[in-house]
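>>> Please find the sequence and the predicted model below.
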Amino acid sequence: MATTAAWFKVETENIGRTLQEARDLLERANGEVVLDFSAARRISPSVLNGLEEIAGVAERKGVKVVLRHANVEIYKVLKLVGLASRFSFLN
């Protein structure tokens, strides 16, 4: 089975919709999903919930999720809530 990669740009204005699209894609993905956080400066509790759902689906499906250009503040929040270890990071 061929692997595929999908890329999503996470922007503050549409972050909820983007995470929902990524989660939906994970249900049928078999490769890697990249979430580009270069345009996001902070994340809200609802975004953390969305990322937790994405991590759960990815682990269940065996799909790798990469957070690209997540700034230090975002990484620290993910680390504090125990989500950082469930993702790969790329700058």
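Looks like it arrived, so ask away. Numbering: from 1, shown residues only.

>>> so who does the residue nearest the centre of the chain touch?
Note on the chain: the residue nearest the mean C-alpha position is residue 35, at 4.9 Å, using C-alpha atoms, centre = their mean. Counting by C-beta atoms under 8 Å, 6 or more residues apart in numbering, residue 35 makes contact with 8, 10, 18, 19, 22, 54, 65, 66, 67, 68. In this view, the C-beta of every residue, glycine as well, is placed from N, C-alpha and C.

>>> Just to be sure, the second one is in a strand?
The reference is to residue 10. Yes: under DSSP: H, G, I helix; E, B strand; the rest coil, residue 10 falls within a strand.

>>> The contacts of residue 35 into CSV, with extra columns for distance to residue 75?
Supplementary listing: the contacts of residue 35 in CSV, determined by distance: C-beta to C-beta, whole Å:
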residue, distance to residue 75
8, 18
10, 14
18, 19
19, 17
22, 18
54, 16
65, 14
66, 13
67, 8
68, 12
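
>>> what's the weakest-modelled helix or strand in this protein?
strand 5-11 (a mean of 68; mean pLDDT, DSSP states H and E).
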